[in-house]
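Colleague: give me a model of this one.
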Amino acid sequence: MGSTLVRAVRETGLPWEITGMDNLMRPGSELNRAELKRLGIGCLHGDLRCPSDFETLPAVDWVVDAAANPSVLAGVDGRTSSRQLVEHNLNGTVNMLEYCKRVKAGFILLSTSRVYSIPPLAALPVRAFQGAFQPVSEKPLPVGLSVEGISEAFSTQAPVSLYGATKLASESLALEYGATFDFPVWINRCGVMAGAGQFGRADQGIFAFWLNSHLRRRPLKYIGFDGQGHQVRDCLHPRDLVPLLAKQFQVSATRRTPVLNVSGGLASAMSLRQLTAWCDAAFGAHPVAVDARPRPFDLPWVVLDNRQVQTEWDWQPGTPVAAILEEIATHARENPHWLELSAS
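Modeller: Presented below is the predicted three-dimensional model:
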């Protein structure tokens with residue numbers, strides 16, 4: 001996400017001096033570093049979990065926190081521990097906030113739709129229509145939810161998953177640090193991020209994972225619910241955040257809402273079944289297995305209502321979902337070993 005953002009900044013021609021920091025622990029990360037250095041982006045090898053790694057950093061105007069273990073199953077799937085999840089997603093944010101306090105930098109947290117309460121979303125009445133779930137609007141919907149999606153007013157009461165809890169705690173601490181130590185803070189809650197070059201793991205972006213796996217004839221499976229792939233998510237290309245960040249960088253004190261859903265919204269929403277149909281048309285038919293057993297934290301319909309950010313910031317996504325899928329497909333064709341390179 002961070003590497004795509006800074007490439008988009010360079011393409012836009014904004015005169016920002018940018019430095020990135022990464023511990024390069026993910027397979028494929030070194031490829032990003034080489035490309036960013038070619039573009040003149042400073043790339044520091046550092047670990048956000050280590051306070052000492054911030055001691056010699058120069059002062060900056062703004063910090064964008066795009067770092068996290070992004071899996072809703074993190075800490076419970078046996079691949080990472082719950083302590084590692086907290087160290088990455090919460091302790092790392094605290095270290096960034098301490099740095100912002102010291103140098104008086106503004107702070108933007110790229111958060112997640114997974115801060116919203118699981119039980120009411122899991123119990124949401126839905127019906128399948130044209131291959132995708134949609135809320136049954138004839139029945140009363142929870143406060144903060146409409147056919148347009150989940151708004152910022154929706155409950156964030158636990159449980160939200162360990163992953164969601166680390167991001168929600170990061171949001172709260174960021175706002176407290178900003179208010180206490182007088183630096184600007186914005187919280188952008190993003191839906192599923194999608195675009196070319198995203199690593200081939202389901203937990204880092206189901207759209208890129210599905211397209212790459214379908215093209216390579218890898219096993220795919222509809223998990224949970226009715227076993228037909230009707231579950232829905234919206235998506236956003238990271239580069240579409242750049243115009244919003246540019247506006248947020250210019251505002252140091254405001255009465256605007258500090259926490260916003262920044263997402264593709266209903267216009268970008270797509271079910272796995274619809275995504276499979278797109279892949280079948282682009283790559284040829286490929287069967288998808290069925291496992292109707294439920295999986296922890298899975299939800300039938302997660303679409304963020306982005307109308308507030310559109311109204312307050314005059315912002316809306318610039319890349320339609322069809323263009324995002326085409327971009328991912330082109331990258332997948334040009335990089336036949338992408339799954340092996342990035343998914344281990």
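Colleague: what segments of the stretch 151-300 of the chain are strands?
Modeller: 185-190, 192-193, 221-223, 232-233, 235-236, 259-262, 270-271, 289-291 (DSSP state E, counting those that start in this stretch).
Colleague: next helix or strand past the last one?
Modeller: Along the chain past strand 289-291, the next helix or strand (assigned with DSSP states H and E) turns out to be strand 301-302.
Colleague: run the chain-centre distance for the helix or strand that that next one is followed by.
Modeller: As assigned by DSSP H and E, the chain's next helix or strand after strand 301-302 is helix 307-313. Distance of helix 307-313 from its chain centroid, counting by C-alpha atoms, centre = their mean, to the nearest Å, is 19 Å.
Colleague: pull the residues that contact helix 307-313.
Modeller: 148, 151-152, 244, 247-248, 256-257, 260-262, 265, 315-316 (C-beta atoms under 8 Å, 6 or more residues apart in numbering). (C-beta placed from N, C-alpha, C; glycine too.)
Colleague: now, among those residues, which is nearest to Asp61?
Modeller: Gln248 (11.7 Å; C-beta to C-beta).
Colleague: give the contact list for the closest one.
Modeller: Gln248 neighbours (C-beta under 8 Å, 6+ apart): 106, 108, 184, 186, 313.
Colleague: can you tell me how far the residue nearest to His214 when sequence neighbours are not counted is from Pro320?
Modeller: Spatial nearest neighbour of His214, excluding adjacent residues (C-beta to C-beta, 6 or more residues apart in numbering): Cys279 at 4.0 Å. According to C-beta to C-beta, to the nearest Å, Cys279 and Pro320 sit 17 Å apart.
Colleague: between these two, who's got more neighbours?
Modeller: Between Cys279 and Pro320, counting by other C-beta atoms under 10 Å, Cys279 is the more crowded of the two (22 against 13).
Colleague: is it true that that one touches Asn212?
Modeller: No. Using C-beta atoms under 8 Å, Cys279 is not in contact with Asn212; the gap is 9.9 Å.
Colleague: how about the helices in this structure?
Modeller: 2-12, 29-38, 82-86, 92-103, 118-122, 161-181, 206-215, 242-249, 272-283, 307-313, 321-334, 338-342 (DSSP state H).
Colleague: pipe the strands of the stretch 151-300 of the chain into a markdown table and attach mean neighbour count, distance to Asp61 and mean pLDDT per row.
Modeller: Shown next, in a markdown table, are the strands of the stretch 151-300 of the chain (neighbours: other C-beta atoms under 10 Å; distance: least, C-beta to C-beta, whole Å; pLDDT from 0 to 100):
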| stretch | mean neighbour count | distance to Asp61 | mean pLDDT |
| --- | --- | --- | --- |
| strand 185-190 | 24 | 14 | 97 |
| strand 192-193 | 24 | 24 | 94 |
| strand 221-223 | 16 | 44 | 96 |
| strand 232-233 | 24 | 33 | 97 |
| strand 235-236 | 26 | 25 | 96 |
| strand 259-262 | 24 | 20 | 98 |
| strand 270-271 | 24 | 37 | 98 |
| strand 289-291 | 11 | 48 | 96 |
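Colleague: quick one: closest of those strands to Ile41.
Modeller: strand 192-193 (19.1 Å).
Colleague: now do the same for Lys37: its pLDDT.
Modeller: According to the prediction, Lys37 has pLDDT 84.
Colleague: so it makes contact with Leu44?
Modeller: No. In this structure Lys37 lies outside contact range of Leu44 using C-beta under 8 Å: 11.2 Å.
Colleague: ok, Gly26 to Ser71 distance?
Modeller: I think there's a mix-up here, since residue 26 is Arg and not Gly. 12 Å.
Colleague: what's the answer for Phe133, then?
Modeller: Distance from Phe133 to Ser71, by C-beta to C-beta: 22 Å.
Colleague: so which of the two has more stuff around it?
Modeller: Remark: of Phe133 and Ser71, Phe133 carries more neighbours, 24 against 21, as counted by other C-beta under 10 Å.
Colleague: list the beta-bridge partners for the more buried one.
Modeller: Ala128 (DSSP bridges).
Colleague: distance to Pro142 for the helices of the chain - can I get that in CSV?
Modeller: Formatted as CSV, these follow (distance: least, C-beta to C-beta, whole Å):
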stretch, distance to Pro142
helix 2-12, 33
helix 29-38, 39
helix 82-86, 27
helix 92-103, 28
helix 118-122, 4
helix 161-181, 16
helix 206-215, 24
helix 242-249, 27
helix 272-283, 24
helix 307-313, 17
helix 321-334, 26
helix 338-342, 37
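Colleague: between those, which gets the lowest average pLDDT?
Modeller: helix 29-38 - the lowest mean pLDDT of these, at a mean of 82.
Colleague: ok, the residue nearest to Ser117 when sequence neighbours are not counted - how many residues close by?
Modeller: Spatial nearest neighbour of Ser117, chain neighbours left out: Ser155 (4.2 Å); criterion: C-beta to C-beta, 6+ apart. Neighbourhood size, Ser155 [other C-beta under 10 Å]: 18.
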